[in-house]
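**Student:** Predicted coordinates and the sequence they were generated for:
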Protein chains: 2
Amino acid sequence: MSTKNKILDAAELLFADKGFNGTSLREITGLASVNLAAVNYHFGSKKELIKAVMSRYMDELSPRLESALLQLCERDDKPTLHEVFSAFIEPLLYLNQYRENGTSTFLQLLGRGYTDSQGFLRWFLTTQYPNVFANFTEAVHKAYPELSAEEMFWRLHFTMGTIVFTMSSSDALIDIAANDFSREVDISGVIEKVIPYVAAGVAAPISNK
Amino acid sequence: MSTKNKILDAAELLFADKGFNGTSLREITGLASVNLAAVNYHFGSKKELIKAVMSRYMDELSPRLESALLQLCERDDKPTLHEVFSAFIEPLLYLNQYRENGTSTFLQLLGRGYTDSQGFLRWFLTTQYPNVFANFTEAVHKAYPELSAEEMFWRLHFTMGTIVFTMSSSDALIDIAANDFSREVDISGVIEKVIPYVAAGVAAPISNK
DNA sequence: CGGTATTTTAAACAGGTGTTTAAACTGACT
DNA sequence: AGTCAGTTTAAACACCTGTTTAAAATACCG
């Protein structure tokens, strides 16, 4: 395996576990069994390494996600919100096939990126992958046309928060559930539980305050 | 003002903005116009300072929150989920009175603490303030008795995620909303928007998978 | 006032950070 | 075999981290 990929693999594992700020280049290169200077040689800087880690996942995820959402938009009948959110399942779970524990690792990274580094990742995703957001809002609009653009903006960010935050601590939650309810749940189980929740949240009646 | 309080004020501001890992003691003591060693003298360590910052808010919040939830539980009729979540409004907004921008600062801190430092804050809150959680789950159970303990566990954590994550980036979201919809929203406006969302999420029908 | 705690201060500590340098090595092509 | 680009390496760079020290300043109280 190439040095570049060894670094990416080690970096994504540590980033997901300890955050971007909390992970040093020496930890990464140590786990990857690679010289410290290799990061700056191959990626230029730590910040570029972070982008590369996220891009590797996004480039795998976004085409599948886009086509799933587009397919929903082009249907004749009106989709339900549950269907819209379910469109995420297959693309997300495919990451498990593409990389071991890919799904939860990616979602953890997403959670890290949203709180670490003062929103730099939010900027990166919305500017580099704008189609995903556009297709998603279009699908939601088709399922729930009465929702105003402003109300949708808020509810989609609430949803983003729910997903990302839940998944960024999914390991801990899965452990607690195993102890308290002696119920084994994996990442796809968590996804199945969260979808009715966010679908109902987005579908909530509009308050006439 | 005492050195101790000057440190706490500067620390909470920087912690909320840049996270616990992302804020150095030198930044804190610099902003507080206080000697660097004062932190270790008054608090012992950075970790203890973090606890002190959170405790100052929790000690103000938890009694009000507990009584609001308890009042709901002792009512004869069955409360709605909307009422349960609305019980948070007054105690949270009171933090604004107690400290400038107290509500959003506290919620941002909560968001930081959940993702920074590998869940240490989750442990701190659940062990130091267990009554808040107990009263909350009791209130939700009264409003929605059909919800099993396991399903409630998941949905409450989803809710926690929604709230905490939304609020930890509320400043950015409020800015975007102001630009895109020329609508001025403040922190209480965000709370009003998020409550129907989480209430509907928790109230979602139980999937019979 | 004098003496005892408490608090503040500058300085140093030991160790970690991302990044750069220049030399050494590698593998392919003429 | 010799050249040369691409890659790897150890070492050093300048700076930042939380914490500790011991001396100086301040506050308190009999």
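**Tutor:** Okay, I see it. Numbers count the residues shown, from 1 in each chain, chains lettered A, B, ... in the order given.
**Student:** Just give me the neighbour total for the closest residue to A:L25 other than its chain neighbours.
**Tutor:** In space, and not counting its chain neighbours, A:L25 is closest to A:V39: 5.2 Å by Cβ to Cβ, 6 or more residues apart in numbering or on different chains. For every residue, glycine as well, the C-beta is placed using N, CA and C. Other residues near A:V39 come to 23 when the count uses other Cβ atoms under 10 Å in any protein chain shown.
**Student:** which stretch of helix or strand covers A:V39?
**Tutor:** helix A:38-43 (DSSP states H and E).
**Student:** Let me know the average pLDDT across that helix.
**Tutor:** The pLDDT scores in helix A:38-43 average 97.
**Student:** quick revisit: is the residue nearest to A:L25 in contact with A:E48, as I believe?
**Tutor:** No - between A:V39 and A:E48 there is no contact under Cβ atoms under 8 Å: 9.1 Å.
**Student:** Need the pLDDT of A:D116.
**Tutor:** At A:D116, pLDDT is 70.
**Student:** go on, A:D180?
**Tutor:** For A:D180, the model assigns a pLDDT of 87.
**Student:** now swap in A:L121 and tell me
**Tutor:** Reading off the model, A:L121 has pLDDT 66.
**Student:** got it, and A:G111?
**Tutor:** In this model, A:G111 carries a pLDDT of 80.
**Student:** need the contact list for it.
**Tutor:** A:V164, A:F165, A:M167, A:S168, A:S169, B:T115 (Cβ atoms under 8 Å, 6 or more residues apart in numbering or on different chains).
**Student:** redo that, cut-off 10 Å
**Tutor:** A:16, A:19, A:121, A:161, A:163-170, B:114-115, B:161, B:165 (Cβ atoms under 10 Å, 6 or more residues apart in numbering or on different chains).
**Student:** do the same with A:P79
**Tutor:** A:L69, A:Q71, A:L72, A:C73, A:S86, A:A87, A:A139, A:V140, A:K142, A:A143, A:Y144.
**Student:** what does chain A put close to DNA strand C?
**Tutor:** Counting by Cβ under 7 Å from any atom of the strand, the residues of chain A close to DNA strand C are A:T23, A:S24, A:L25, A:R26, A:E27, A:L36, A:A37, A:V39, A:N40, A:S45, A:K46, A:K47.
**Student:** could you redo the last one with a cut-off of 6 Å?
**Tutor:** A:S24, A:L25, A:R26, A:L36, A:A37, A:N40, A:S45, A:K46 (Cβ under 6 Å from any atom of the strand).
**Student:** Can you name the two of those that sit furthest apart?
**Tutor:** Comparing every pair within the residues of chain A next to DNA strand C by Cβ to Cβ identifies A:R26 and A:S45 as the most remote, at 15.0 Å.
**Student:** Find me whatever residue is spatially closest to A:A87, sequence neighbours aside.
**Tutor:** A:A68 (4.2 Å).
**Student:** just checking, what packs against the helix or strand containing the one you found?
**Tutor:** Applying DSSP H and E as the criterion places A:A68 in helix A:46-73. When contacts are defined as 3 or more Cβ pairs under 10 Å, 6 or more residues apart in numbering or on different chains; DSSP states H and E, helix A:46-73 sits against helix A:3-18, helix A:25-32, helix A:38-43, helix A:81-86, helix A:89-98, helix A:102-115, helix A:120-128, helix A:130-143.
**Student:** Out of the ones you listed, which is closest to A:V185?
**Tutor:** helix A:102-115 (11.7 Å).
**Student:** tally of neighbours for the nearest residue to A:E184 once chain neighbours are set aside?
**Tutor:** Of all residues not flanking A:E184 in the chain, A:A178 sits nearest, at 6.1 Å (Cβ to Cβ, 6+ apart). Other residues near A:A178 come to 12 when the count uses other Cβ under 10 Å.
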